[in-house]
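Chemist: here's a sequence, model it:
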Amino acid sequence: MDDVKEYGQVALDNNKQHKKIYLLSIIGEIEGHENLASGTKATKYEHVLPQLAKVEDDQDIDGLLIILNTVGGDVECGLAMAEMIASLSKPTVSLVLGGSHSIGVPLAVASDYSFIVPTGTMVIHPVRMNGMFIGVPQTYEYFKKIQERINYFVVSHCDIKESRYSELMNETEVLTKDVGSILVGKQTVKEGIIDEIGGLKEAMDKLYQLIDKRNA
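Modeler: Predicted structure coming up:
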């Protein structure tokens, strides 16, 4: 088995099923076009994209397991990562540990099947406008388009209805001084966002099943 690399990836290939699983961890904040502070735990999208390309290209890799514990981050880059995960031909399974907030929601549902631990959380809220921006109609239209893209991706890759997702996203009574909803464990499954409650064992078993089905 390969050693864990600097960016948190590792090949799991010493199992009884004789399958090579590529483990990808997405933790901390999603760093995009701007560098975060040196003390911030982050996942850089320019590191993730080549890893995903390797998964698709390497004939020895049977499937991808994605471990998520992220507070969100750069929307455009997070969505690009989610789109790339969704486009893989190899079986993929995601597991939410801790949390998968904001743009972490599309990343969690981008896989073929998703799990969340009982104490895992997901925060759903509208795209935030941080820093300086030009207050003109074109700016608001731009953010509206981004939100529409995120909503479309999420509802296209899980079982929640768009109307319900928008309702959760615009909830005003759940988050203090903010708009949105926080869902814990079973709530994410009940809402149709995550497929199943489970941990590492369940996620690995499901990935083995998907690989067997693909190779049948």
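Chemist: what strand or helix carries residue 144?
Modeler: helix 137-156 (DSSP states H and E).
Chemist: which secondary structure elements does that helix contact?
Modeler: Applying 3 or more C-beta pairs under 8 Å, 6 or more residues apart in numbering; DSSP states H and E, we find helix 137-156 packed against helix 75-86, helix 104-109, helix 162-169. Placement of C-beta: from N, CA and C, glycine included.
Chemist: what do you get if the cut-off is 6 Å, keeping everything else the same?
Modeler: helix 104-109 (3 or more C-beta pairs under 6 Å, 6 or more residues apart in numbering; DSSP states H and E).
Chemist: so which strand or helix has residue 118?
Modeler: With DSSP H and E as the test, residue 118 turns up in no helix or strand.
Chemist: correction: residue 211
Modeler: With DSSP H and E as the criterion, residue 211 is inside helix 200-215.
Chemist: same question for that helix, mean pLDDT?
Modeler: Averaging pLDDT along helix 200-215 gives 95.
Chemist: what number of residues are in the vicinity of the residue lying closest to residue 19 once chain neighbours are set aside?
Modeler: Spatial nearest neighbour of residue 19, excluding adjacent residues (C-beta to C-beta, 6 or more residues apart in numbering): residue 62 at 4.4 Å. Using other C-beta atoms under 10 Å, residue 62 has 24 neighbouring residues.
Chemist: verify the stated contact: residue 62 with residue 22.
Modeler: No: with contacts counted by C-beta atoms under 6 Å, residue 62 stays clear of residue 22, the gap being 8.5 Å.
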